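S.K.: output the structure for:
(3 chains)
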Amino acid sequence: MENNKSTLIVFSGDLDKAIASFIIGTGSAAMGNQVTMFFTFWGLNILRKEQYVPVQKSFMDKMFAKLLPRGPEKLGISKMNFGGLGAKMMKYTMKKKNITTLKELIETAQELDIKMVACTMSMDVLGIKKEELIDGLEYAGVASYLAEANEAKVNLFI
Amino acid sequence: MENNKSTLIVFSGDLDKAIASFIIGTGSAAMGNQVTMFFTFWGLNILRKEQYVPVQKSFMDKMFAKLLPRGPEKLGISKMNFGGLGAKMMKYTMKKKNITTLKELIETAQELDIKMVACTMSMDVLGIKKEELIDGLEYAGVASYLAEANEAKVNLFI
Amino acid sequence: MENNKSTLIVFSGDLDKAIASFIIGTGSAAMGNQVTMFFTFWGLNILRKEQYVPVQKSFMDKMFAKLLPRGPEKLGISKMNFGGLGAKMMKYTMKKKNITTLKELIETAQELDIKMVACTMSMDVLGIKKEELIDGLEYAGVASYLAEANEAKVNLFI
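M.R.: The predicted structure is shown next:
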C-alpha cells in the first residue's frame, strides 16, 4: 500500500468514541498511512492532563473546566453511562480481555508519529490553555484541517 | 488549491455540532471549494424558521413540531445541556469571545453559495413543510447526495 | 457512473442513525457502488437476533447482553427517546407514511450484496458471539476496514 493521508476529526469526548478514533488512527498509521487527528470541542477533554493545572481563567472558563472531564480516565461513554458505571464496566471488561486502554492508545499514537492537533478555536470557547493539555500536540484552526483533508484519502468525523 | 467538492451530512440538531458543521463548511467554501450541506433528521431543526408557521399537519406531525426546536436559537448542546443551561453558557461565552454565532454562520454559508439541501424524506418523517424552513434551500433525496459525494474529495457525516 | 467503493462505519446503535446508515448504504448500492458497512460498538445491536440465544458468557458479558437492545425493533432514537416513546412515535409515523422500516432496509442491504462486517474487537468487548448475530455477516477487524476505506471514494462514520 502506498503512503496515503488520513484525517480524523475527534469532536466527541466519549470514552467509546475516543477509543474508536484511536484504534482507527493507530491502525491506519501502523499500515504506513500519514494520520492527522484533529481534536475539537469535547474531543479536547481526551487530551487534558489528569492533574489540575493552575492557570488564569474567567469565571465561565472555570465553570467549564470544573464540569469537563480531565483526561482519558474521567471520560464517560456515549450510551448506558449510568453516571460513570457504564464507563467503569467497559474499562473493566476491556482490561480483563487484554484490550489496549485509551491511555496506551494515545501513547501508541504518539510513537507512530500521528499528528495530534488541538483546535485553537475550541480551546478558546471552552477556555482551555495549552498548559492543561498533554505534551506533543500541535495547535491549529479549521483551515489547517481542511488543507489536509483535501489531500487525504480517508476523512472521518467522530 | 484547485476547486474541490466537499459534502457534509448534517444529521445532528445539536448546537455544538451545528456550529462545527458550519465552521467546516464555510471554511471550506472560503478556500474555494464547492460545498454541499445536506440536512437530514434532527439537522432540519437548524433550518426551521424561528416564528411559528401555520400549516396543515396530522396529529403526530404536530407533536413532532412542538417537541422539536425551531431554529438556531433553540438548539441544545450534545453534552452537558442541563435543560438548556449548557447551550446558554456556550452561547454566552462565544459571544464574549467574539466568535461568530450559528445564525451568522448560516448567513455566511449562504453568501458563500454553499448549497444547502433539506432531505425530503426526513421532512416527510418529521412532518416538516417547506414553508417552515428558511429561504434559499434546495430540496432533494439521498440519491442527489450520493451523486455529489461520489465526486467529492471530503465527505463527512456529522 | 463507474463502480465506486463506499464504506460506512456504523458505530451508533440508535434507530435514527441506523436508518440513515442503511438508506445511504442501500441507496449507494442501488447506484452500482460496492458498499461495505462495518458495524462496531453499539452498532452491533442492530445485527443482534431478536430472540434470546443461549451462549456461554461471563457475568459481565451477561450484564451487557441484558442491557443492550436485541435487534432493530428494540433500538431507541438518539434524541427525544423518552424511554422508548420517541422510537415508537418515529416507527408509527414512518409506517403510516409508507417509509421502509429498518428491518426491511437490512434485508434490502443483503439483497443488494452490501458487505456487512461485524467488528470482532467490539464483539469481544461487549461479549457478543456470532450465534447471536443475524446470518450473512462477515467478521473482521479494523485492518480490514482500513484497507477498504483507502480504496473507497466515500467513507463515513455514523
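S.K.: and the strand or helix carrying A:Ile106, what does it pack onto?
M.R.: Per DSSP states H and E, A:Ile106 falls inside helix A:102-111. Contacts defined by 3 or more Cβ pairs under 8 Å, 6 or more residues apart in numbering or on different chains; DSSP states H and E place helix A:102-111 against helix A:15-30. Every residue, glycine included, has its C-beta placed from N, CA and C.
S.K.: give the contact list for the residue nearest the centre of chain A.
M.R.: By Cα atoms, centre = their mean, chain A has its centre lying nearest to A:Ile46, at 4.3 Å. With contact taken as Cβ atoms under 8 Å, 6 or more residues apart in numbering or on different chains, A:Ile46 is in contact with A:10, A:13, A:18, A:39, A:71-72, A:75, A:102, A:106.
S.K.: what ranges do the helices span in chain A?
M.R.: A:15-30, A:59-67, A:85-96, A:102-111, A:120-126, A:142-149 (DSSP state H).
S.K.: could you check the third one against chain C for contacts?
M.R.: Just to be clear, that refers to helix A:85-96. Yes - against chain C, helix A:85-96 shows contacts by Cβ under 8 Å from any Cβ of the partner chain at A:89-90, A:92-94, A:96.
S.K.: sorry, back to before: what's the separation between the residue nearest to the centre of chain A and chain B?
M.R.: Applying Cβ to the nearest Cβ, to the nearest Å, the value for A:Ile46 to chain B is 13 Å.
S.K.: that older thread, any buried residues in the helix holding A:Ile106, and which?
M.R.: If you call a residue buried by 16 or more other Cβ atoms under 10 Å in any protein chain shown, then helix A:102-111 has these buried ones: A:102, A:105-106, A:108-109.
S.K.: now do the residue nearest to the centre of chain A, the pLDDT please.
M.R.: pLDDT, A:Ile46: 98.
S.K.: which residues does the nearest residue to A:Glu132 once chain neighbours are set aside contact?
M.R.: Leaving out its chain neighbours, the residue that sits closest to A:Glu132 by Cβ to Cβ, 6 or more residues apart in numbering or on different chains is A:Val53, at 4.7 Å. By Cβ under 8 Å, 6+ apart, the contact list for A:Val53 reads A:129, A:131-132.
S.K.: save these as CSV, and put in neighbour count and pLDDT too.
M.R.: Shown next, in CSV, are the contacts of A:Val53 (neighbours: other Cβ atoms under 10 Å in any protein chain shown; pLDDT from 0 to 100):
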residue, neighbour count, pLDDT
A:Lys129, 13, 97
A:Glu131, 9, 97
A:Glu132, 21, 97
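S.K.: quick check: mean pLDDT of stretch A:136-146?
M.R.: Computed over stretch A:136-146, the average pLDDT equals 97.
S.K.: A:Ile24 and A:Leu8 touch, don't they?
M.R.: Yes - when contacts are counted by Cβ atoms under 8 Å, A:Ile24 is listed as touching A:Leu8 (6.5 Å).
S.K.: next, show the common contact partners of these two.
M.R.: Jointly contacting A:Ile24 and A:Leu8 under the rule Cβ under 8 Å, 6+ apart are A:Leu156.
S.K.: between the two, which has more neighbouring residues?
M.R.: Under the criterion of other Cβ atoms under 10 Å in any protein chain shown, the comparison of A:Ile24 against A:Leu8 puts A:Leu8 first, with 27 against 24.
S.K.: point out where chain A drops to low pLDDT.
M.R.: Applying pLDDT under 70 to chain A flags the ranges A:1-3.
S.K.: can you list the residues of it near chain C?
M.R.: So far as Cβ under 8 Å from any Cβ goes, chain A lies against chain C at A:1, A:4, A:16-17, A:20, A:23-24, A:27-28, A:31, A:33, A:78-80, A:89-90, A:92-94, A:96-97, A:99, A:153-158.
S.K.: rerun at 7 Å
M.R.: Neighbours of chain C within chain A, by Cβ under 7 Å from any Cβ of the partner chain: A:1, A:4, A:16-17, A:20, A:23-24, A:27-28, A:31, A:79-80, A:89, A:92-94, A:97, A:99, A:153-154, A:156-158.
S.K.: just these that are near chain B?
M.R.: Near chain B, by the rule Cβ under 7 Å from any Cβ, you find A:Phe157 out of those.
S.K.: would you mind listing what in chain A touches chain B?
M.R.: Residues of chain A lying close to chain B by Cβ under 7 Å from any Cβ are A:11, A:13, A:40-42, A:60, A:63, A:67, A:121, A:124-125, A:142-143, A:146, A:149-150, A:155, A:157.
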